[in-house]
Structure formats: structure tokens, C-alpha cells
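Colleague: Coordinates for the following, if possible.
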Amino acid sequence: MGPPWIDVFIGGQDGVHTYRIPAMTVAPSGALLVFCEARRESIRDASPTDMVLKRSLDDGATWLPLQTLAHGEGTDALMNPVAVVDQETRTTFLACCNTNRGTRGEHRHHLLLRSGDDGLTWSEAEDIGNRIAGYDDTFVPGPGCGIQTRSGRLVIPGYTSPETIDAKGERGFRSRVLYSDDHGESWSLGQPVSTDANESQVVELADGRLMLNMRQGTGQSCRAVALSSDGGESWGTVTWDRALNECPCQASFLRYSCAGSGDRGRLLFANPDNVGERFGVVERSRMTVRASYDEGQTWPVKKLIHAGPSSYSGLVRLANGDIGLVFEGGETHRREWIRFCSLPLAWLTDGCDR
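Modeller: Modelled structure (predicted):
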């Protein structure tokens, strides 16, 4: 018997056909924020879509009414939310992209919203393309969450579509990050990784390097990993973490704690625990959370959360110390709802860690 859960977004509610692509963060006050795409008319990617939010003030036990942060006009599809918090200015940012407005193929407009009151009110969505050094309009944020490093840098992971075509005639994708050193006023796009990988999430390691954890694109059936010693401006050789199965699908990645003051360093990871070389070969199911105590070198803790259909996810450390997990799933297909669970560390580790 697992911890209690609540379905935060359910397809068909509030006049929305399908809710997809959750992004979760904890605002400076401790308020829990879950963003997602509200696909008004269809389950399809890039169909008419709004960007929406629900907030919880009690660590996910109850949820306030739906907030529409940005409305897609006409066929606009506001997609791929990534939330990141600047703890220095106590500002919560939401990055996303408009996939359809005046664009073709992989080209997008990039939007940034901000809140100074823990998600209660938000700025208008601002197109920041002209504020990104090295701008590439094929960039796709996350989806999921960004981080603020110990130096204060804001980092939003994602990927782009190279113009070059590979030997198979496919364009492929390359994971990379968008970063800001001036509290979100200007941004720079870091260099892409060296091999095909796309949707990504990032953590800062104990030694200050960044670890990018990526959805693979080369049939490896596991997650791709790359390290950066310059805050995401460039990346080392891509390696494959055979302990982290994938089918492929987006995954969530979180630093739960740092070593010191009697505590230990912990990284958390969540995704559907299935193995498949290519998208669609294996159904996405078996949402699973893992923990690492050695900066992602091994993953000794593994707990199944939902055996049925499941897909994209997000992780946070709640104000009460529990692990917050949000994920897409259902009983008959993986896009019925977006569900939230609060997971005590002791439950996740069968009492071996608290």
C-alpha cells in the first residue's frame, strides 16, 4: 500500500480535452506549484494549448482552482513548461514555447513568465528570443524544472534540432541548456552535447559540476548522461547509464539533499521503468522513483509507484521534507490524469533512510 495520491488535473475537466507535460517546483514561501499544458481540443501535440497552473499551500494535500497563465490564440500551442526559482530575488520563472505562431517545422517563439508572490499572480508572457545570446529558435525547454546553482546561475535544460542531417536522413536532436547570470534579465544558450539526445533535466553535483540526464535518441534503451565543468556552457563525452532504463520517455531528476551537517547527499530520479530502443516499441508504464547516494554513479533504491500506464513526471523536495512526485498516467491509457503523490523518504527506502 503506497502513500495517498490526488489527481491534480483530469482530462475533460474545466473544458480541457487533455492535460499533459507537468512541471513542478516549490516557491520561496513553500507553496507547491504544478504547471502543465491544457490541450483544449485534442490529445495531440501542438494542438491549441494554454499554459495553466494549480497551487497547493499544504504540501499537496489540497489544491487551489486552475489558473490560466497564458492563453494560446487560435492554433497557438503553448508547450514544454520549465519552472525555475531564483532564491536570491524570490522570483519564480516559467519558461515555455509557442510552437505554432508564425513558425514552421521545429522553429518556435520562446516565452518567459515571472511571479514575485509565490505563483499567486504572474507577468504577461514575454517573448525573450532577442535576449538570448547564441539564440536558436529550435530550442525546446525541458520539459520539467530548472535549477539555480550555488553561484546563482539559473539553468533551464532542453534541446535543439541541428540543421545537419545524419547518415540515415534524420535530423536528430541535441540536449543543451539555457542559462542566466543576471536573475533572468538576459540569457545564453550553451553548447549542445555531442550525440543524439533530447528532453533533459539537470542537477548540480557536490563538486560543482552539472550533470545533464537525457532522453536518448540512439536506441540505447537507457538514459544518456553528460557532465559540465563550466555551468552548462559546454559538455563532456556523453555516456550511458545502464541502471536507468527507458522506453524512451521524459524523466525527472532532482538533488534532494547535500552531504554535510550529519546528512548525506541524495539524488532522485523518476521515469517509466521499461526498456525500449525506440519510441512506441514498448508502452510507457511502471512509474518508478530511484535514489542515489554517490552523485548518480549507482542507483540502489528503486520503488514502483504506479504499475499502470504512466509517462512524464516531476520531482521536488517538499517543505515538510517528503518527496513530491507528479506524473501523467491512467488506468487504461497514460494521459487520463496528472497525479500528485507525497513520498516519505523512509517509505521510499523501506525504512533504511530517513
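Colleague: Every contact and neighbour count from this point should use C-alpha atoms.
Modeller: OK.
Colleague: Now do the strands in the stretch 201-350 of the chain.
Modeller: Taking DSSP state E, counting those that start in this stretch to define them, one finds strands in the stretch 201-350 of the chain at 210-216, 222-228, 239-245, 252-257, 266-272, 285-292, 301-317, 323-329, 337-343.
Colleague: Repeat that for the stretch 1-150 of the chain.
Modeller: Using DSSP E, counting those that start in this stretch, strands in the stretch 1-150 of the chain cover 5-10, 18-26, 32-39, 49-56, 67-70, 78-86, 91-98, 109-115, 126-127, 132-133, 140-141, 144-145, 147-148.
Colleague: For Ala251, find the nearest of those strands.
Modeller: Of all the strands of the stretch 1-150 of the chain, it is strand 144-145 that lies closest to Ala251, at 8.4 Å by Cα to Cα.
Colleague: Show the average pLDDT along stretch 9-19.
Modeller: What stretch 9-19 shows for mean pLDDT is 97.
Colleague: ugh, wrong one, stretch 228-237
Modeller: Computed over stretch 228-237, the average pLDDT equals 98.
Colleague: any low-confidence regions in the stretch 151-300 of the chain?
Modeller: 163-171 (pLDDT under 70).
Colleague: give me that answer again for 80
Modeller: 162-171, 217, 280 (pLDDT under 80).
Colleague: So which bits of stretch 124-135 are buried?
Modeller: Buried positions in stretch 124-135, judged by neighbour count with 16 or more other Cα atoms under 10 Å: Ala125, Asp127, Ile128, Gly129, Ile132, Tyr135.
Colleague: and if you look at stretch 225-238?
Modeller: Residues of stretch 225-238 classed as buried: Val225, Ala226, Leu227, Ser228, Gly231, Gly232, Glu233, Ser234, Trp235, Val238 (neighbour count, 16+ other Cα under 10 Å).
Colleague: beta partners for Lys303?
Modeller: Beta-bridge pairing for Lys303 (DSSP bridges): Val289.
Colleague: check contacts around it.
Modeller: By Cα atoms under 8 Å, 6 or more residues apart in numbering, the residues touching Lys303 are Thr288, Val289, Arg290, Leu348, Thr349.
Colleague: any idea how far the second one is from Ala307?
Modeller: Put plainly, it is Val289. Using Cα to Cα, to the nearest Å, we find Val289 at a distance of 12 Å from Ala307.
Colleague: Of the strands of the stretch 201-350 of the chain, which is nearest Arg108?
Modeller: So among the strands of the stretch 201-350 of the chain, strand 210-216 is nearest, using Cα to Cα, at 20.6 Å.
Colleague: Residues contacting the closest one, please?
Modeller: 157, 175, 196-205, 222-229, 231-232, 246, 248-251, 253.
Colleague: Distance to Thr18 and neighbour count added to the contacts of Lys303, as a markdown table?
Modeller: Rendered in a markdown table, the data for the contacts of Lys303 read as follows (distance: Cα to Cα, whole Å; neighbours: other Cα atoms under 10 Å):
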| residue | distance to Thr18 | neighbour count |
| --- | --- | --- |
| Thr288 | 23 | 18 |
| Val289 | 25 | 22 |
| Arg290 | 28 | 20 |
| Leu348 | 30 | 23 |
| Thr349 | 33 | 16 |
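Colleague: The one residue sitting closest to the centre of the chain and Arg20, how far apart?
Modeller: By Cα atoms, centre = their mean, the chain has its centre lying nearest to Gly144, at 1.4 Å. In this view, Gly144 and Arg20 are 11 Å apart by Cα to Cα.
Colleague: Then Gln250?
Modeller: For Gln250, the distance to Arg20 - Cα to Cα - is 12 Å.
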